[in-house]
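1. My questions are about this predicted structure, shown below with the sequence.
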Amino acid sequence: MPRFADDRTSSRFIPVVILFISDLHLAPQAPGVTRIFLDFLGGRARAAEQLFILGDLFEAWPGDDCLEDPEDSFAADIVDALHALAAAGVRVSVMHGNRDFLLGDHFAARSGARLLPDPYVLSLPAWQFILSHGDALCTDDHDYQAFRALARRPDWQAIFLGKSLPERKAMAIAARQKSESAKRDKADYLMDVNAGATDDFLRAHGYATLIHGHTHRPATHAHLVDGIHVERWVLADWQETQGEFLCWDGRELYRERWI
């Protein structure tokens with residue numbers, strides 16, 4: 001049975017109410033991450049009231065019809081595991097990422113998850129959070145932002161989804177290879193959030209605590225916006241040997257690892 005590593009010093013266990021994850025990039029080529037995630041769904045996640053997946057659950061999503069692919073059950077197996085978690089009473093919410101922005105209504109129905117807008121305001125009795133994948137805040141990367149705007153257009157998506165599933169899968173692989181190649185030539189700051197855009201975002205959303213992923217740079221940042229101290233929690237990307245997530249227990253936010 002997998003273990004979880006609690007970063008808090010207190011030995012007293014407080015039941016977790018809400019869990020937040022992102023950037024798992026699930027794919028057949030990453031079996032370790034897939035195993036850890038399925039164990040997580042059957043273990044630690046069952047103790048939660050809600051699970052928020054803030055983008056890039058999958059490395060690529062060519063369209064919801066991949067769930068019916070008779071030659072590849074990978075996506076269906078993951079989605080069925082999410083459905084089992086939802087059927088167990090955990091409310092599952094999924095946000096689009098830059099890799100799986102084509103997740104649609106069929107995915108939602110089969111998984112039992114609700115699809116969230118980005119950003120999404122999570123108002124709780126003790127605190128307010130603003131949730132986002134985070135890619136929209138990387139405004140210095142003009143090439144990516146241009147592609148993001150294009151790929152979110154309904155007409156672009158309709159043309160893409162009108163192609164055959166094998167065509168779309170091949171295009172997704174090619175796009176991923178091109179993206180990885182481009183990253184090697186980009187300055188680090190281009191792949192992180194822009195400070196000014198982030199402060200504007202926090203201001204526009206009432207100085208709520210921001211939780212996001214995308215950058216693969218897990219950390220907790222303190223922003224001073226209009227004299228108000230605001231926290232920004234960056235989720236970790238999952239690895240072949242461990243996953244990491246944020247927990248809200250009704251009083252505090254903290255990190256845990258799943259091994």
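-> Sure thing, it's come through.
2. In stretch 147-167, which residues are buried?
-> Residues of stretch 147-167 classed as buried by neighbour count (16 or more other C-beta atoms under 10 Å): 157, 160, 165. (Glycine included, C-beta is placed from N, CA and C.)
3. Just send the residues you listed back as CSV, with pLDDT too.
-> Listed next are these as CSV, based on pLDDT from 0 to 100:
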residue, pLDDT
Q157, 97
F160, 97
L165, 97
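4. Let me know the closest of those to R255.
-> Nearest to R255 among the buried residues of stretch 147-167: Q157, at 34.8 Å, using C-beta to C-beta.
5. and D7, what pLDDT?
-> pLDDT, D7: 46.
6. Find the nearest non-adjacent residue to A219, please.
-> For A219, ignoring the flanking residues on the chain, the nearest one in space by C-beta to C-beta, 6 or more residues apart in numbering is V234 at 5.2 Å.
7. whoops, I mixed them up, W233
-> I211 (4.9 Å).
8. Tell me the backbone dihedrals of that neighbour, please.
-> The phi and psi values for I211, taken as degrees, to the nearest 10, are phi -120, psi 130.
9. Next: L41.
-> When quoted as degrees, to the nearest 10, the phi and psi of L41 stand at phi -60, psi -30.
10. Ok, V230 next?
-> The phi and psi values for V230, taken as degrees, to the nearest 10, are phi -130, psi 140.
11. That one and S132: what is the separation?
-> In this view, V230 and S132 are 14 Å apart by C-beta to C-beta, to the nearest Å.
12. Residues that sit against both of these two, list them.
-> L210 (C-beta atoms under 8 Å, 6 or more residues apart in numbering).
13. more neighbours, the two?
-> More neighbours surround S132 than the other of V230 and S132, with 24 against 21 (other C-beta atoms under 10 Å).
14. I'd say the more buried one and A208 touch.
-> No - applying C-beta atoms under 8 Å as the test, S132 and A208 come out as separate, 10.9 Å apart.
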